[in-house]
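Q: Fold the following and give me the result.
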Amino acid sequence: MRILVTNDDGIDAEGLAILEAAARSLSDDVWTVAPETEQSGQSHAVTLTDPLRVNALGDHRYSVTGTPADCVATAMAVIMDGPPDLVLSGVNQGFNIADDVLYSGTIGAAMQAASAGVRAIALSQAYAGIGQEKLIDIWDGARAHCAETLKRLIAIEREPRTVFNVNFPPCPAADVAGLSVVRKGRRAVHQLYTDDRTDGRGHAYHWLRFRRNADAPDPGTDLWAMAEKRIAVTPLRADLTAHDLLADLAGALDG
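A: Okay, here's the model as predicted:
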């Protein structure tokens, strides 16, 4: 089995090293093609107005000056000597659940693979908050459970052009309560806002940040799984069509 590994945190990210190790436990034909720098929040963006440059870093290991989706496309078109059988994206630092999946470069890379007909899995490690990494090993859950989770997922047949979105809960590996297949949740409050600041010369600048609520999550969602210290697996499709509305909308507009 030929595996392509990528991410959105960049070629030097710790989560990428964890995923590479897990991939090598599944196959001896593993390729890594990841962004040269962090590309969080890029979703499924592709670069159309600038050139992409590929840097060889070792045997079957490359960085690309582009987005996660760029990495997958470039790997399949230029770098690899044959198409992958599986694309693994992650392990992202921080969860990709609920509304986050719309922004996630980790999921964007997996969707790029799925759109090309290649099986893809996106993986992320949740953590409680900024600074937690100084108190505990935030990667403990992913490091301990990644390989076994992948083995279970690749054994499952699935529809073409779908992605499995995996999130490891924010707790030590020994405290993980199991695995649940869940739907994508929705936060009651989820919006981008600006943290407005002033630089040393008195000019205004702005950091985009998320405002999220802490309400009790709906059972059976990825938000619930994180709260229950369970590994969350959510099947996703690139098809954004609201199929349940087609008939009513056609009845109102067709003619």
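Q: mind listing what residue 34 touches?
A: Listed by CB atoms under 8 Å, 6 or more residues apart in numbering, the contact partners of residue 34 are 5, 6, 7, 10, 11, 13, 16, 62, 63, 64, 68, 71. In short, each C-beta sits where N, CA and C put it, glycine included.
Q: Check the secondary structure at it for me.
A: Look at residue 34: counting by DSSP: H, G, I helix; E, B strand; the rest coil, its state is strand.
Q: Which residue, neighbours along the chain excluded, lies closest to it?
A: residue 11 (4.4 Å; CB to CB, 6 or more residues apart in numbering).
Q: Next, give phi and psi for that neighbour.
A: In this entry, residue 11 is assigned phi and psi values of phi -60, psi -30 (degrees, to the nearest 10).
Q: How many residues are close by it?
A: A count of nearby residues for residue 11, using other CB atoms under 10 Å, gives 22.
Q: Correct me if wrong: it contacts residue 57.
A: Yes. With contact defined as CB atoms under 8 Å, residue 11 reaches residue 57; the gap is 6.9 Å.
Q: which SS state does residue 109 fall under?
A: Using three-state DSSP, the structure places residue 109 in helix.
Q: oh, I was asking about residue 206
A: Secondary structure, three-state DSSP: residue 206 is strand.
Q: Pairing partners for it in the sheet, please.
A: Beta-bridge pairing of residue 206 under DSSP bridges involves residue 196.
Q: Distance check, it against residue 196.
A: 5 Å (CB to CB, to the nearest Å).
Q: Then residue 117?
A: Applying CB to CB to residue 117 and residue 196 gives a distance of 45 Å.
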